[in-house]
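Asker: For reference, the sequence and a predicted model appear below.
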Amino acid sequence: MAATGVRLDLDGRPIKPMTICMIGAGGFIGSHLCEKVLFETPHKILALDVYNDKIKHLLEPETQTWADRIQFHRINIKHDSRLEGLIKMADLTINLAAICTPADYNTRPLDTIYSNFIDALPVVKYCSENNKRLIHFSTCEVYGKTIGSFLPKDSPLRQDPSYYVLNENTSPCIFGSIEKQRWSYACAKQLIERLIYAEGAENGLEFTIVRPFNWIGPRMDFIPGIDGPSEGVPRVLACFSNNLLRRQPLKLVDGGQSQRTFVYIKDAIEAVLLMIENSARANGHIFNVGNPHNEVTVQQLAEMMTEVYSKVSGEPPLESPTIDVSSKEFYGEGYDDSDKRIPDMTIINRQLGWNPKTSLWDLLESTLTYQHRTYAEAVKQAISKPVAN
Ligand SMILES: NC(=O)c1ccc[n+]([C@@H]2O[C@H](COP(=O)([O-])OP(=O)(O)OC[C@H]3O[C@@H](n4cnc5c(N)ncnc54)[C@H](O)[C@@H]3O)[C@@H](O)[C@H]2O)c1
Ligand SMILES: O=C(O)[C@H]1O[C@H](OP(=O)(O)OP(=O)(O)OC[C@H]2O[C@@H](n3ccc(=O)[nH]c3=O)[C@H](O)[C@@H]2O)[C@H](O)[C@@H](O)[C@@H]1O
């Protein structure tokens, strides 16, 4: 499973083994990226995070063939003097660290802004000062709302892709008012993108910015009360998984009419590996990474997950599988939403030849099989425990 033979880049040049400083390596995307790099390349990883539960299988036992190519450093990048040294030891830094769950954006806006802007500043600075390449994880949320969402409901222009397809170079970033604190995350991510871009333009920083469009799959977030706080609100995949595991109706925020495109984490990680190993093609670019063919409303996602979960668990769906809830009740004051997110794939196609492969049904089937296998028993036990008064 590991690195044998010479790996070639997209231009036929041999790829030199490199050391990657991966910040946020213990998270959802980080854990999949660590697996990919260890299993398929000769590169080494300096894995930085405050947690390592999701990469434990890669750190133990130390007899695994890849054990000498991953080193975990328990570091909070907010305040740790080891950060610069680790960035200096690496050829490339990938920054994934962030608060990135919507339930936090309007309820913990200060933490959100600090995490996504202030805490990322030293990483950019150290990369720039030490001439190290940086791949920074931004978000599709920097686009905010589509231009089309401001047209009258019955306008035929709403059907015109130029009013909703999101392009890195031509689409504007449209956020709500300041009291809609939902946009604290998108705005902080946008400012760090602008700073990185300016470091490239003025100081020659070699950078790539990734804008993920709803990457989903195993190990995403947590199941409340099982491997995360009971009152915690994860992203939609984990919220709906939690409801299905507990046989509760899935909650549709404001009727579930917002639209998303979902891409399988394993497809998306292929794109990141292409960026890592093709610096000449990736440097200086911002890349949308998503699957424009997997678009659904949140309501359709709920229906599909209900059907798939019933298939993988063997349990019949509830008579009323969904329930409507207001955004104020679910997320609190200051929530707002992106209406529609379809990525334009022209740039990533041209530069890296990448295309997503997995259909929504297939990615939900493998993900919900994982969720059922991993959590069903623990949820059953948690439900059967008597509640203390
Ligand atoms: N999953 C997606 O679809 C998606 C979409 C858009 C953007 N992103 C971006 O991709 C990145 C990774 O997302 P994810 O889904 O893997 O999230 P995640 O929460 O699973 O991972 C983030 C990791 O960063 C770590 N971290 C946070 N602050 C830290 C700090 N101060 N010091 C050290 N470690 C810290 C966390 O412990 C966590 O393990 C984020 O920047 C996020 O904004 C993800
Ligand atoms: O994944 C992404 O690409 C980006 O978008 C996410 O934002 P969003 O898609 O709004 O977050 P989800 O929690 O996945 O919610 C998706 C939609 O489902 C809805 N939802 C969520 C949870 C739930 O139980 N019910 C429900 O209807 C939300 O209101 C929203 O409309 C997060 O901001 C980031 O992880 C990331 O930057």
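Answerer: Yep, it's here. Ligands and ions are numbered 1, 2, ... in the order given.
Asker: Only C-alpha atoms from now on, for both contacts and neighbour counts.
Answerer: Noted.
Asker: So for residue 3, what's the pLDDT?
Answerer: Confidence at residue 3, expressed as pLDDT, is 52.
Asker: For the remainder of this discussion, apply numbering that starts at 45.
Answerer: Noted, 45 is the first residue going forward, which turns the last one into residue 47.
Asker: after the helix or strand bottoming out on mean pLDDT in the chain, next one along is what?
Answerer: Least confident helix or strand, the chain: helix 100-103 with a mean of 94, by mean pLDDT, DSSP states H and E. Sequence order places strand 114-118 as the next helix or strand after helix 100-103, per DSSP states H and E.
Asker: Now that following strand: buried residues?
Answerer: For strand 114-118, the neighbour count (16 or more other CA atoms under 10 Å) marks 114, 116-117 as buried.
Asker: so how many other residues sit close to residue 244?
Answerer: By other CA atoms under 10 Å, 17 other residues sit near residue 244.
Asker: wait, I meant residue 247
Answerer: The tally of other residues near residue 247 (other CA under 10 Å) stands at 13.
Asker: Compute the number of surrounding residues for the closest residue in space to it that isn't next to it in sequence.
Answerer: Nearest residue to residue 247 in three dimensions, chain neighbours excluded: residue 172, at 7.2 Å (CA to CA, 6 or more residues apart in numbering). For residue 172, the number of neighbouring residues by other CA under 10 Å comes to 20.
Asker: Same check on residue 299?
Answerer: With other CA under 10 Å as criterion, residue 299 counts 16.
Asker: so who does the closest residue to it other than its chain neighbours touch?
Answerer: Excluding its sequence neighbours, the residue lying closest to residue 299 (CA to CA, 6+ apart) is residue 368, at 5.4 Å. Residue 368 makes contacts with 295-300, as judged by CA atoms under 8 Å, 6 or more residues apart in numbering.
Asker: who touches the helix or strand residue 128 falls within?
Answerer: Using DSSP H and E, residue 128 maps to helix 126-133. Residues outside helix 126-133 that contact it (CA under 8 Å, 6+ apart): 63, 65, 90, 119, 121, 137, 167, 170-171, 174, 176.
Asker: hang on, isn't residue 113 packed against residue 88?
Answerer: Yes. Counting by CA atoms under 8 Å, residue 113 touches residue 88, with 4.5 Å between them.
Asker: what do the two both touch?
Answerer: Overlap of the contact sets of residue 113 and residue 88 (by CA under 8 Å, 6+ apart) consists of residue 82.
Asker: Fine by me, we can end here.
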